[in-house]
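**Q** Sharing a model that was predicted from the sequence below.
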Amino acid sequence: MSSPYDPQITAISHAIRDGSCVVILGPNLIFDRTEIHEILKQKLAAAGYPDIAMDADELVYLKDSTQRSVYAGQLREYMQVSAMPDLISKLARLPLSLIVTLSPDRIIAAAFKALGLPVQEQYYNHKRNPGPLPLFDAEHPMIYNLFGREDKPESLILTSRDLVDFIFDVVGKHTLPRELDDLLSSEYRMFLFLGFDFSKWYMRLLFRLLHLDESDSTGFGPAALQLDDTLRNYYAQHYNLSLIGLDADQLVDQLLDRCGDCLRTSGAEMRPLGTQLRDKVEEDDLGGAFELLRVNGSRIRTRDAELHDLCIMQAGNWEKLRRDEHANLLSQADADLQRSKIKAALLYIATQLDALL
């Protein structure tokens, strides 16, 4: 059945096929930032750090470097144990050279790895000059965390001051890596925006960064049908941006259908999930094991909520063990014991997955 958005979806699928499409992921595609803040606020208040507020732009007020460090650590822990939405695994299948994300998580890269697909990761740190990027293309795709990465706390855009510094450096002084800036500013580029609130004031700055106001590039993005018509028309006239009345899942599903013959494939995913998990444990790749569980979190939660809760609990145990080892809080014997317990739990989970999926 045809839809009024067929011409736009066809244009996007053609750009994906010919390598001219760049996907830009917004801060709200995977996570609800307001919900994250409320969870972290409660945790920090219980730890003796009250009064951490969030402004209308979903940036936080942090009084000092200690409060910032604690908040960043809690944010990383939250993202490390979060389930992988099916949408992200679907995106990994599209033959894209570059995905730029404004969220600091590493979930999209984890989706590539869980599917046995090659991927490169780079991030921008507004506190230092960036180095050159390695070559990337559809065979060697790049995930670029524009607002920093959760495992590099100094790079994160958490506060309004961070954002102002970022805008001054990137928009004013053009400090993006040259390879990235050249690609983003090239003519006839197409951008697909997913996970954005197009009513936010900073969208215009993002469009400026991508040179949508001065090139022959075009942009598309899913948007609620009730978005103000004046804003829609403004974006269309000034930035050549078309907003499609579909949600992100619907749009990506249609793109998968249109690009069916050129999607990335993986032999790993054909093997049962329990077998994949068991192999990771036997290889002593516990980080890879928990990435695998996170990528498949939605599938597991749908079929067995208690098993999903166990996965989250063990991921928390794994993160705590890593922190304690890094801080030299455990003897080698205690660390080995904790690692053995986590491995035993993972093997139990693998056995349950054999019967479940």
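**A** Arrived safely, thanks for sending.
**Q** going forward, measure contacts between C-alpha atoms and count neighbours the same way
**A** OK.
**Q** check contacts around the closest residue to Ala138 other than its chain neighbours.
**A** Leaving aside its chain neighbours, Ala138 sits nearest to Ser97 (4.2 Å; criterion: Cα to Cα, 6 or more residues apart in numbering). Contacts for Ser97 were tallied using Cα atoms under 8 Å, 6 or more residues apart in numbering; they are Gly19, Val22, Phe136, Asp137, Ala138, Glu139, His140, Pro141, Met142.
**Q** Am I right that the second one falls within a helix?
**A** No: for Val22, which was evaluated using DSSP: H, G, I helix; E, B strand; the rest coil, the result is strand, with no helix membership.
**Q** Let the chain start at 417 from now.
**A** That works, and once the first residue is 417, the last one we named lands at Val438.
**Q** What segments of this protein are strands?
**A** Applying DSSP state E to the chain gives strands spanning 437-441, 514-517, 536-539, 558-561, 606-610, 634-638, 657-660.
**Q** And the first one, what does it pack against?
**A** By that I understand strand 437-441. Judged by 3 or more Cα pairs under 8 Å, 6 or more residues apart in numbering; DSSP states H and E, the packing partners of strand 437-441 are strand 514-517, strand 606-610.
**Q** What is the first one packed up against?
**A** Where contact means 3+ Cα pairs under 8 Å, 6+ apart, strand 514-517 is packed against strand 437-441, strand 558-561.
**Q** What score does Leu641 have for pLDDT?
**A** For Leu641, the pLDDT comes out at 53.
**Q** if we can go back for a sec, is it possible to get CSV of the contacts of Ser513 that adds neighbour count and pLDDT?
**A** Output for the contacts of Ser513, formatted as CSV (neighbours: other Cα atoms under 10 Å; pLDDT from 0 to 100):
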residue, neighbour count, pLDDT
Gly435, 17, 88
Val438, 22, 94
Phe552, 15, 89
Asp553, 12, 87
Ala554, 17, 87
Glu555, 13, 85
His556, 16, 89
Pro557, 22, 94
Met558, 23, 95
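**Q** From those residues, pick the one nearest Ala462.
**A** Met558 (38.7 Å; Cα to Cα).
**Q** show me what contacts the closest one?
**A** Residues in contact with Met558, defined by Cα under 8 Å, 6+ apart, are Ser513, Leu514, Ile515, Val535, Gln536, Glu537, Gln538, Phe552.
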